[in-house]
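Student: For reference, the sequence and a predicted model appear below.
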Amino acid sequence: MTKKIKLKISARLVKKRSRRYGFTASRHCRFCGNADQLGFLDFKNISFLKGFLTERGKILPARISGNCCLHQRALSKEIKRARIMSLLPYTAVLY
């Protein structure tokens, strides 16, 4: 019977794995568990929607905002609706 040799993992490989997978806590959708927050999701609530935009006016992706795909679609739809009603800008004004 052959004996298996257990190899040591180098410190460089451990750092590489931690960078790739990360040790961050999983993000949870703020709308799924809380029905009160879902009421804030409206195109007229500009101050709430600005929290999901970058300083350039782009919509934050779900991996950064932490929303699930269902609520990310609803959020982007409300942001686009607010842009059409000219409550939110399409882009940042840089002079």
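Tutor: Arrived safely, thanks for sending.

Student: quick one, what contacts Tyr57?
Tutor: For the record, residue 57 is Gly, not Tyr. Contacts for Gly57 (Cβ atoms under 8 Å, 6 or more residues apart in numbering) come out as 88-92. No exception for glycine: its C-beta is placed from N, CA and C like everyone else's.

Student: gap between Asn45 and Leu13?
Tutor: From Asn45 across to Leu13, the span is 47 Å (Cβ to Cβ, to the nearest Å).

Student: Between those two, which is the more surrounded one?
Tutor: Asn45 (14 against 10; other Cβ atoms under 10 Å).

Student: what about the helices in the protein?
Tutor: Assigned by DSSP state H, the helices in the chain fall at 11-21, 35-40, 46-49, 62-65, 69-84.

Student: JSON lines for the ones you listed, including mean pLDDT and distance to Glu55?
Tutor: Listed next are the helices of the chain as JSON lines, based on pLDDT from 0 to 100; distance: least, Cβ to Cβ, whole Å:
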{"stretch": "helix 11-21", "mean pLDDT": "73", "distance to Glu55": "27"}
{"stretch": "helix 35-40", "mean pLDDT": "79", "distance to Glu55": "21"}
{"stretch": "helix 46-49", "mean pLDDT": "94", "distance to Glu55": "14"}
{"stretch": "helix 62-65", "mean pLDDT": "90", "distance to Glu55": "14"}
{"stretch": "helix 69-84", "mean pLDDT": "95", "distance to Glu55": "15"}
